[in-house]
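A.B. asks: What would the 3D arrangement of this be:
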Amino acid sequence: MELFHSKNKQNKQNSGLSSQKYIDVEEIKNDIVVLKNKSLRSVLLASSINFDLKSSEEQEAIIAGYQNFLNSLDFPIQVMISSKKLDIDPYLSLLNDQKKKQTEELMRLQISEYSNFVKSLTEVSQIMSKRFYVVVPFYPIESQEGGFFSKIMDTFNPKQKITENIEMFETYKNQLWQRVDQISAGLNSLGIKTTTLKTEELVELLYSSYNPSVYSTSVIKDLDSVELG
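C.D. replies: I've put the predicted structure just below:
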């Protein structure tokens with residue numbers, strides 16, 4: 001998660017300090033990750049394509065299209081792959097609920113056999129769930145330290161300073177969204193659908209990234225609730 005870290009390196013020899021000091025994320029608001037150096041990040045969840053099932057001509061077209069997509073960018077992006085062991089217990093519970101609702105014995109039998117098949121399949125082999133993310137950054141060009149008189153004016157007029165910060169954030173956010181639209185359009189031309197992670201999803205992604213032992217499994221969710229547009 002290199003793009004989630006600022007370029008400022010800090011001394012990490014004092015292990016007694018809080019680990020939060022070494023996390024460069026300052027806050028998450030309006031579906032955007034704000035780092036401590038005031039740069040912004042937006043994260044896209046991307047779908048996958050069955051590349052191996054494509055013909056050689058289609059594969060060459062996809063590779064050429066991806067090269068053109070990368071060459072069209074004038075800013076860096078990061079592609080992240082998250083692999084987790086698939087937790088099928090919620091899915092099996094859903095099948096069991098559907099089985100109870102069936103009035104025909106044949107349907108109940110088919111659901112039961114299918115449920116047993118899925119359970120035995122996952123017991124034999126560890127099925128991993130993979131998710132693909134694209135991190136889109138924006139680095140605002142601004143002075144890190146204001147002058148002496150600038151600090152004095154900020155002290156006497158803090159309301160104006162807050163208003164300016166809000167306006168600057170809105171400006172940077174709009175420029176970031178322009179990049180996100182460019183990435184989405186470029187990937188969509190390759191047959192890859194994307195959706196922007198919301199604030200709650202960003203919090204979950206960051207927490208699971210910094211606490212992999214806690215989020216060691218991936219739960220099957222209702223696919224109808226996941227929108228890739």
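
A.B. asks: Tell me, what's the model's pLDDT at V226?
C.D. replies: On pLDDT, V226 comes in at 42.

A.B. asks: Same check on M80?
C.D. replies: Looking at M80, its pLDDT is 90.

A.B. asks: do K119 as well
C.D. replies: Value for K119, per-residue pLDDT: 84.

A.B. asks: N68 now?
C.D. replies: 95.

A.B. asks: Which positions in whichever strand or helix holds it come out as buried?
C.D. replies: Per DSSP states H and E, N68 falls inside helix 56-71. By 16 or more other Cβ atoms under 10 Å, the buried positions in helix 56-71 come out as I62, F69. Yep, even glycine has a C-beta here, placed from its N, CA and C like the rest.

A.B. asks: For the helix or strand that it is followed by, list the C-alpha coordinates in PDB.
C.D. replies: Counting by DSSP H and E, the next helix or strand C-terminal to helix 56-71 is strand 78-87. Provided in PDB are the C-alpha atoms of strand 78-87 (Å, rounded to 0.1, in the frame of the first residue of the first chain):
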ATOM      1  CA  GLN A  78      -1.300   1.600  -7.800                       C
ATOM      2  CA  VAL A  79      -3.000  -1.800  -8.500                       C
ATOM      3  CA  MET A  80      -3.600  -3.800  -5.400                       C
ATOM      4  CA  ILE A  81      -4.700  -7.500  -5.100                       C
ATOM      5  CA  SER A  82      -6.300  -8.700  -1.900                       C
ATOM      6  CA  SER A  83      -6.300 -12.500  -1.400                       C
ATOM      7  CA  LYS A  84      -8.300 -14.000   1.500                       C
ATOM      8  CA  LYS A  85      -9.600 -17.400   2.400                       C
ATOM      9  CA  LEU A  86     -13.300 -17.600   1.400                       C
ATOM     10  CA  ASP A  87     -15.800 -18.000   4.300                       C
END
